[in-house]
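Trainee: Predicted structure and sequence below. I'll ask about it afterward.
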Amino acid sequence: MISAIIPAAGLSSRMGDRNKLLLDFGGKTLVEHALIESADINRLIAGFYLAGEQNKSIVVPFYQGQRGNPVILNSRFKASILDVVGDVGCRRIVKRNPDKVFVLEMDNDHVIRDIDSPEDYDRLLAPSPGLSKQSSISREVLQ
């Protein structure tokens, strides 16, 4: 059972005086991983269930060898998650539990496109024909 997926925005310190949560993206306010779509979340959830079948309890998405976000952790890590201080996210939990990590290769770059700086925001708004805007979920890839 998935209780929650919480996209965290960090401290936004690299954005200067701009609050990235209030920046415009397609008529909506911006989120940390603005290109994540429902199909991407569905793929992560499917990966979480597959990970459980393999006795893994942390799902880390990758795209072409690059680690992405969001990461999904089993509820057994709740106390560790609540102890996270600062802008480190759950990296420490992942590093301390390598035997519990399930690597999920994604079929698009949405999980690695993060908005941490004004330059990242400008790149997000610029047309990028080489980057995927659509995602497709394929159960065969998960198996």
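Mentor: Alright, I've got the coordinates.
Trainee: Low-confidence regions, the chain specifically.
Mentor: Across the chain, residues meeting the criterion (pLDDT under 70) sit at 1-14, 20-22, 28-29, 31-34, 86-88, 127-143.
Trainee: Quick one: name whatever helix or strand follows whichever helix in it runs longest.
Mentor: Looking across the chain with DSSP state H, the single longest helix is helix 38-53. For helix 38-53, the following helix or strand on the C-terminal side (DSSP states H and E) is strand 58-63.
Trainee: Give me the angle between that next one and helix 38-53.
Mentor: Between strand 58-63 and helix 38-53, the angle comes out at 130 degrees (axes from the mean of the first three to the mean of the last three Cα atoms, to 10 degrees).
Trainee: In terms of secondary structure, what does strand 58-63 contact?
Mentor: helix 38-53, strand 72-73, helix 91-96, strand 101-105 (3 or more Cβ pairs under 8 Å, 6 or more residues apart in numbering; DSSP states H and E). From N, CA and C alone the C-beta is placed, and that goes for glycine too.
Trainee: Now it: buried residues?
Mentor: Ile58, Val59, Val60, Pro61, Tyr63 (16 or more other Cβ atoms under 10 Å).
Trainee: Now Gly68: closest residue in space, sequence neighbours ignored.
Mentor: Among residues not flanking Gly68 along the chain, Val111 sits closest, at 2.9 Å (Cβ to Cβ, 6 or more residues apart in numbering).
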